[in-house]
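Chemist: Here is a sequence together with a model predicted from it:
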Amino acid sequence: MSVEPKPTRLRALIVDDEPLARMRLRSLLADCGVVGVEVVGEAGSAPEALHVLSITGVDLLLLDIHMPGLNGLEVARRLREQAQREGNPAAPAVVFVTAHAEHALDAFELNACDYLTKPVRRQRLQEALQRVAQRLGHTFMAPPTTAAPPDKVLVVSDRGRILRIPFSELVSLKAEMKYVTLRTLTHTYVLDDALVDLEQRLGDAAVRIHRSAVVAKAAIRALEKRALPGAEDGDANESWAVHLAPTDEWLPVSRRQLAAVREALVAPA
């Protein structure tokens, strides 16, 4: 009688110059069900990552591309060349995790297992882990996939018209004078609804960043200090802001809402 091999764990190194991005990946990995991953380290730069790899056995490299100095593509290139020189079949598998979609072709030319764009979703990360496991011959199984639930919709009134806006298309809502401006991936609507009412109806899908602004959590790419005109803090250089990926805009975050925005960034999808 044949015996099924015991499940094994992937030893992973997370490389990203943004601490919040590393924290979010850790959280997502911990939430990936029975997919076994052990994070053996983190690195905030390419030189730090190469040092860790020189002293620690790693199966999987979750690698950002845009970092100060040496970028992630060059790290992957060096690892591939080193493996070829040494005839090492145990070189770590690489999954790129980046905010920039335009490097996908270069990434796969370097034999990357997968290419994930931020903000990373749990299901896509699970798929990437399964590809890595198959390439490395690991025997654990990913959680069973289920049909995606239908997208929730926000019913709003746009100057008398009744509209159904899918949550997945929402980017931001801003209170301006007597109205609320709602931005989606492709349109801007002027709503008769109150911002506080819209925020309640969106629930966990959105987070308030300012007394007059609410944004979709899925649209947030980054949180960092920015010099923004008219920011809440007196010194613009000390003002926090979020970067919204779909519209490539920065919106100020009030000090009161900063903790909630940080929590939204690192919470599992």
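Modeler: That came through fine.
Chemist: Would you mind confirming that Gly41 makes contact with Ser54?
Modeler: No - counting by CB atoms under 8 Å, Gly41 sits too far from Ser54 to count as a contact (11.8 Å). Glycine gets a C-beta too; all of them are placed from N, C-alpha and C.
Chemist: neighbour count winner among the two?
Modeler: Using other CB atoms under 10 Å as the criterion, Gly41 and Ser54 rank with Gly41 on top: 17 against 8.
Chemist: any chance you could map the helices in the stretch 151-269 of the chain?
Modeler: Counting by DSSP state H, counting those that start in this stretch, one finds helices in the stretch 151-269 of the chain at the ranges 195-202, 258-266.
Chemist: Go through the first one and flag the buried ones.
Modeler: Neighbour-count burial for helix 195-202, counted by 16 or more other CB atoms under 10 Å, picks out Leu195, Leu198, Leu202.
Chemist: Tell me the bridge partners for the spatially closest residue to Thr181 that is not a sequence neighbour.
Modeler: Spatially, and ignoring its direct neighbours in sequence, Thr181 is nearest to Lys174 (4.9 Å; CB to CB, 6 or more residues apart in numbering). With DSSP bridges as the criterion, Lys174 is bridged to Thr181, Ala213.
Chemist: I'd like the distance between Lys174 and Val180.
Modeler: Per CB to CB, to the nearest Å, Lys174 is found 7 Å from Val180.
Chemist: neighbour count winner among those two?
Modeler: Set Lys174 next to Val180 and count neighbours by other CB under 10 Å: Val180 wins out with 24 against 16.
Chemist: Settle this for me: that one is touching Val196, isn't it.
Modeler: No - judged on CB under 8 Å, Val180 makes no contact with Val196 at a distance of 9.9 Å.
Chemist: For stretch 101-121, list the C-alpha coordinates in CSV.
Modeler: Provided in CSV are the C-alpha atoms of stretch 101-121 (Å, rounded to 0.1, in the frame of the first residue of the first chain):
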residue,chain,number,x,y,z
ALA,A,101,2.8,45.9,-13.8
GLU,A,102,5.1,46.9,-16.7
HIS,A,103,8.0,44.6,-15.6
ALA,A,104,6.1,41.3,-16.0
LEU,A,105,7.8,40.3,-19.2
ASP,A,106,11.3,40.9,-17.7
ALA,A,107,10.2,39.0,-14.6
PHE,A,108,9.1,35.9,-16.5
GLU,A,109,12.3,36.0,-18.7
LEU,A,110,14.1,35.5,-15.4
ASN,A,111,12.0,32.3,-14.8
ALA,A,112,9.8,33.8,-12.1
CYS,A,113,7.1,31.6,-10.7
ASP,A,114,4.5,34.4,-10.6
TYR,A,115,4.1,38.2,-10.7
LEU,A,116,1.7,39.7,-8.2
THR,A,117,0.7,43.4,-8.3
LYS,A,118,-0.1,45.4,-5.1
PRO,A,119,-2.4,45.4,-3.3
VAL,A,120,-2.0,41.6,-3.2
ARG,A,121,-5.1,39.5,-2.8
